[in-house]
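Undergrad: Structure for this input, please:
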Amino acid sequence: MRRFTETNPVPIDFDILAVFVDDGLVMQPSSESLWRPEASTTRALPLDDPRWKDLSTRDGDATWVPDWLRAMNADPVDGERFTEQWPALVSEGTTWPAAVAAFPYLVSIARRVSVEQRLEYVTVLGLIVSDSTPSMWQETIAAVSSRDVGPDPHAEALAEARRITVETAALPHRDERDLRYVLMTLAALNGHSELSAVLDDLDDEETCPRYAAHLWGASGDADS
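TA: Modelled structure (predicted):
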């Protein structure tokens, strides 16, 4: 994955942005929020909510995730911190429940990173959706909500994730791997999980021998 470089975005004050309603979190629209003024309010698990300990990651419970999200919010272009920690949320073909709870925050943070520096965020968002299942997604949302709130409370985040991915896709991508990750994310965010999985595995000889041979023949290493 490409690491981010310099920029100086203004961090969102999650404490100001968050308004508690019925034990949930309403993300109020603002110029720095991922939710547009005309969008309905959406719920996300508050960062100081004790229910994070009940959510799992690859490495155990998710008690560390809120502090990580706060740190990423303070410095969205800290590529080393992001790259080191995100595989605990989604990797090896598995999305852990904590990733679903963190999804709206990650979208909000990614939106503030310049389009040119957003690729790794976009790819991780795509993996979270691609490697999850509808039942796990909904069960996680239900576990962190106090009651049925109607439509998927992450719907606005998913819509915004599609929008920032389209912005990323509009850039010229000379690296085929980068372009493949963007296409994978677009497929996942549009609900085409099988297409997303194929695009993610396209450099595997068993998935597409012709393309794998093209990559390996050109560079000697499909992931280099």
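Undergrad: ok, the residue nearest to D78 when sequence neighbours are not counted - how many residues close by?
TA: Closest residue in space to D78, ignoring its immediate chain neighbours: M72 at 6.7 Å, by C-beta to C-beta, 6 or more residues apart in numbering. C-betas here are computed from N, CA, C, even on glycine. Residues within reach of M72, counting by other C-beta atoms under 10 Å, total 23.
Undergrad: what comes into contact with whichever strand or helix holds M72?
TA: Following DSSP states H and E, one finds M72 within helix 65-74. If you take C-beta atoms under 8 Å, 6 or more residues apart in numbering as the criterion, helix 65-74 is touched by 11-12, 14, 47-48, 52, 55, 57, 78, 81-82, 85, 89, 98, 101-102, 105-106, 108-109.
Undergrad: Please repeat the previous calculation with a cut-off of 7 Å.
TA: The contact list for helix 65-74 (C-beta atoms under 7 Å, 6 or more residues apart in numbering) reads 11-12, 14, 47-48, 52, 57, 78, 81-82, 85, 98, 102, 105, 109.
Undergrad: Of those - the most surrounded one?
TA: Highest neighbour count within the contacts of helix 65-74, by other C-beta under 10 Å: A102, with 28 neighbours.
Undergrad: ok, back up a step: now do the helix holding M72, average pLDDT.
TA: Average pLDDT, helix 65-74: 96.
Undergrad: starting at the chain centroid, how far to it?
TA: On the basis of C-alpha atoms, centre = their mean, to the nearest Å, helix 65-74 sits 14 Å off its chain's mean C-alpha point.
Undergrad: What's the first helix or strand after that helix?
TA: Counting by DSSP H and E, the next helix or strand C-terminal to helix 65-74 is helix 79-85.
Undergrad: Indicate each strand paired with the next helix or strand along the chain from that next one and its parallel or antiparallel sense.
TA: For helix 79-85, the succeeding helix or strand toward the C-terminus, using DSSP H and E, is strand 90-91. Here strand 90-91 is paired, per DSSP bridges, with strand 94-95 (antiparallel).
Undergrad: Just the strands from the chain, written as ranges.
TA: Along the chain, the stretches classed as strands by DSSP state E are 18-21, 24-27, 56-57, 60-61, 90-91, 94-95.
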